[in-house]
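1. Coordinates only, no sequence provided:
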DNA sequence: CTGTTCCGTAACAATCTGTAACGTTCATGC
DNA sequence: GCATGAACGTTACAGATTGTTACGGAACAG
């Protein structure tokens, strides 16, 4: 998964396929679609798919059956989509081995967030189902440790530094892409899953807030430096642990 | 078991038989019922049964005796149902060769989950030799132990922490899916089996109540953390015991 | 029937986040 | 150097989200 993640959307509703497909492509994913189990199999047979987005209600074979069958022979991550009111099926979906599920109608941000979460989980840990101790992954830089499993930051002296959700997301976006200039737009997309509004300064403010917490001297930052006219860059060497 | 799994419910209480039977049929199982050991034998003699759901309290021959006798001549998977307070019997039940047990009153979701767990275990390990992996009885995290059999929580120092049913269900939903962001909707599904109403804050309140009981400092939680705009996450490593 | 416990709703407090405003820094032209 | 405008840093504030408490109905035991 060094490249763009490759997603496969399986839904019998053409409108939903197109909608979801466009949304995901816009956010940098490579997307295939299939209208039923057969088309899905055809694609799975020839392409390496990083994540399957599977509607639970399909004509003929249900998403649940597909999920169970796939699990028997593959470990491809699965995100289930369910219509409202199919409460029980959702749970069953998880038990069938789906990695997550989302109730329709969902909002695009949540879909993107869950896709990212699954891909991150899968790419870091070997696929683990159930309550196995997860292979917690940490990012270490300049003595600091960003604990991705616990969503928290440890200072070099071991003290837990409180980060808000937004600060954590942004710092993670940085730490996963060190020594690269990231534009405000990229950062917004990575950390918030949204586009910039006109005169959007929210990243600037959030960077300022993070600096206050992690920089030795926030007035002359050394970790998150400003690249005037271009954005910001996270300078430390980052080592996955 | 390529087909619908075939279950046999043995309980002397007609109401429970019907209730359980309907629930299971609704979820795609083929279900038979028997009110006593004799009826059970009759069915076992003619049908291939994938899983036996056996009440421990039966008139005449007890479920325990039945279990031991069956084990002597058959490897049919057995799920024992016990009334509350029969703790000892539960352990004995497992020792008699039951594959799992569930305390009454149980919630439908949990029954379904355990049935699936057993069937999965048995079907995957069908040809495997040796004793079946024992049912998970406890989840351990950060020194705490969530005892699934007794539905109770033990603090690191061994003290039993009183949890209400709702708190227990929610904490279990968390502990079974550690280090994953769970939306309020998912949590409602997992812990309550219902959908969110508009402006539903019940999960927030329940999380607050649990934090008060298990967090060292409830004002800056470390076990159940908030992911703003997304839900909550259970951060500790969880180890099944 | 009475008392207790539990849980969802409502209300209010605390926290977080984006916007706006203003100050500072930087590059540029004079 | 100095003025100027753009880009950036920082603070303040308001709306949104979450935390917490109180309360009342429901379920249950006695």
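-> Received, thanks. Since we're looking at a predicted model, the values are computed, not measured.
2. ok, so what distance separates residue A:194 from chain B?
-> Distance, residue A:194 to chain B, using CB to the nearest CB, to the nearest Å: 11 Å. For glycine as for every other residue, the C-beta is placed from the backbone atoms N, C-alpha and C.
3. Phi, psi for that residue please.
-> phi -140, psi 170 (degrees, to the nearest 10).
4. Report the contact partners of the residue nearest to it when sequence neighbours are not counted.
-> Computed as CB to CB, 6 or more residues apart in numbering or on different chains, the closest residue to residue A:194 that is not its neighbour in sequence is residue A:188, at 5.8 Å. When contacts are counted by CB atoms under 8 Å, 6 or more residues apart in numbering or on different chains, residue A:188 touches A:194-196, A:200, A:202-203.
5. same deal with residue A:204?
-> Shown in contact with residue A:204 (CB under 8 Å, 6+ apart): residue A:184.
6. so it is in which element?
-> helix A:202-214 (DSSP states H and E).
7. and the helix or strand just after that helix, which residues are buried?
-> Sequence order places strand A:224-227 as the next helix or strand after helix A:202-214, per DSSP H and E. By neighbour count with 16 or more other CB atoms under 10 Å in any protein chain shown, strand A:224-227 contains the buried residues residue A:224.
8. Are strand A:224-227 and DNA strand C in contact anywhere?
-> No - remark: strand A:224-227 sits outside contact range of DNA strand C, by CB under 7 Å from any atom of the strand, the gap being at least 8.6 Å.
9. and the helix holding residue A:204 with DNA strand C, contact?
-> Yes - against DNA strand C, helix A:202-214 shows contacts by CB under 7 Å from any atom of the strand at A:202, A:205-206.
10. go on, stretch A:154-171?
-> Yes - residues of stretch A:154-171 are located near DNA strand C by CB under 7 Å from any atom of the strand, namely A:162, A:164-167.
11. Pick the one among those residues closest to residue B:155.
-> Distance to residue B:155 across those (CB to CB) is lowest for residue A:162, with 24.6 Å.
12. Give me the number of neighbouring residues for the closest residue to the closest one other than its chain neighbours.
-> Of all residues not flanking residue A:162 in the chain, residue B:220 sits nearest, at 6.5 Å (CB to CB, 6+ apart). Other residues lying near residue B:220 total 11 when counted by other CB atoms under 10 Å in any protein chain shown.
13. Quick check: next helix or strand after the lowest-mean-pLDDT helix or strand in chain A?
-> The least trusted helix or strand in chain A, going by mean pLDDT, DSSP states H and E, turns out to be helix A:87-95, with a mean of 51. As assigned by DSSP H and E, the chain's next helix or strand after helix A:87-95 is strand A:100-103.
14. What segments of chain A are helices?
-> Residue ranges of the helices in chain A, as given by DSSP state H, are A:14-26, A:37-46, A:63-73, A:87-95, A:108-124, A:165-175, A:184-192, A:202-214.
15. which residues touch the residue lying closest to residue A:138 once chain neighbours are set aside?
-> Nearest in space to residue A:138, with sequence neighbours left out and distances taken as CB to CB, 6+ apart, is residue A:241 at 4.2 Å. The neighbours of residue A:241, taking CB under 8 Å, 6+ apart as the test, are A:137-140, A:145.
16. Same check on residue A:218?
-> Residue A:218 makes contact with A:208, A:211-212, according to CB under 8 Å, 6+ apart.
17. what do you get if the cut-off is 7 Å, keeping everything else the same?
-> A:211-212 (CB atoms under 7 Å, 6 or more residues apart in numbering or on different chains).
18. pLDDT score assigned to it?
-> Note for residue A:218: predicted pLDDT of 92.
19. who touches residue A:112 in this structure?
-> A:27, A:193.
20. ditto for the one 4 residues further on
-> For residue A:116, the set of contacting residues under the criterion of CB under 7 Å, 6+ apart is empty.
21. and chain A, which of its residues are near DNA strand D?
-> Residues of chain A lying near DNA strand D (CB under 7 Å from any atom of the strand): A:201, A:204-205, A:207-209, A:211-212, A:218-219, A:221, A:226-231.
22. Just the buried ones among those residues, please.
-> Buried members of the residues of chain A next to DNA strand D, scored by 16+ other CB under 10 Å, are A:207, A:211, A:221, A:231.
23. Look up the closest residue to the last one, ignoring the ones flanking it.
-> Using CB to CB, 6+ apart and skipping the chain neighbours, the partner closest in space to residue A:231 is residue A:183 (4.1 Å).
24. Give me the below-cutoff pLDDT ranges for chain A.
-> Along chain A, segments meeting pLDDT under 70 span A:1-2, A:59-64, A:83-97, A:123-136.
25. what does it put close to DNA strand C?
-> A:162, A:164-167, A:192, A:197, A:199-202, A:205-206, A:228.
26. Show the buried residues in those residues.
-> Judged by 16+ other CB under 10 Å, buried ones among these: A:165-167, A:192, A:202, A:206.
27. and which of those residues is nearest chain B?
-> The shortest approach to chain B among these belongs to residue A:165, at 3.9 Å (CB to the nearest CB).
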